[in-house]
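# Let's see this in three dimensions:
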Amino acid sequence: MNSMEVNQEVIAHLAELSHFALSEAESSQLASNIKDIIGYISQLDELNTSNVEPTYQVFEMENIWREDEILPQEADREQLLALTKEVSNHQIKVPKVL
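Next comes the predicted model:
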């Protein structure tokens with residue numbers, strides 16, 4: 001595995017990209033944690049996976065398909081619009097989000 005050295009310069013760059021303000025102690029601790037994580041992950045390179053099928057889904061799940069069915073509603077459009085605070089052009093008017 002071709003790994004990059006994790007040092008204070010790399011941590012400072014990551015903190016800047018993430019908009020994190022790190023103290024010196026936090027930066028040192030983060031560098032140590034990242035080194036530990038990379039070391040742990042690099043152990044996976046030692047595994048022989050040549051005869052192992054990739055796993056795409058760990059649970060035996062399957063979609064259950066059904067036909068769409070339109071059922072009669074108890075309220076009509078005008079009754080539903082009457083429940084709203086504000087209506088404009090036969091539509092519910094909501095506050096601007098953006």
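
# which secondary structure element contains Ile38?
Element membership of Ile38, judged by DSSP states H and E, is helix 24-42.

# buried sites along that helix?
Neighbour-count burial for helix 24-42 flags 27, 30-31 (criterion: 16 or more other C-beta atoms under 10 Å). Placement of C-beta: from N, CA and C, glycine included.

# now the residues you listed in JSON lines, with pLDDT and distance to Glu67?
Below are the buried residues of helix 24-42 laid out as JSON lines (pLDDT from 0 to 100; distance: C-beta to C-beta, whole Å):
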{"residue": "Ser27", "pLDDT": "92", "distance to Glu67": "59"}
{"residue": "Leu30", "pLDDT": "92", "distance to Glu67": "54"}
{"residue": "Ala31", "pLDDT": "92", "distance to Glu67": "57"}
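
# need those in a markdown table with distance to Glu62, can you?
A markdown table is the format used below for these (distance: C-beta to C-beta, whole Å):
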| residue | distance to Glu62 |
| --- | --- |
| Ser27 | 48 |
| Leu30 | 42 |
| Ala31 | 45 |
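
# just those now: which is nearest Leu71?
Comparing the buried residues of helix 24-42 against Leu71 with C-beta to C-beta places Leu30 closest, at 55.6 Å.

# State the distance spanning the first to the last residue of stretch 83-98.
25 Å (C-alpha to C-alpha, to the nearest Å).

# Quick one: residues in contact with that stretch.
Identification of contacts with stretch 83-98 by C-beta atoms under 8 Å, 6 or more residues apart in numbering yields 77, 81.

# Distance check, Glu16 against Asp36.
Using C-beta to C-beta, to the nearest Å, Glu16 is found at 22 Å from Asp36.

# Check whether the nearest residue to Val10 once chain neighbours are set aside sits in a helix, strand or coil.
What sits nearest to Val10 in space, not counting adjacent residues and going by C-beta to C-beta, 6 or more residues apart in numbering, is Met4, at 6.9 Å. Of the three states, Met4 takes coil under DSSP: H, G, I helix; E, B strand; the rest coil.
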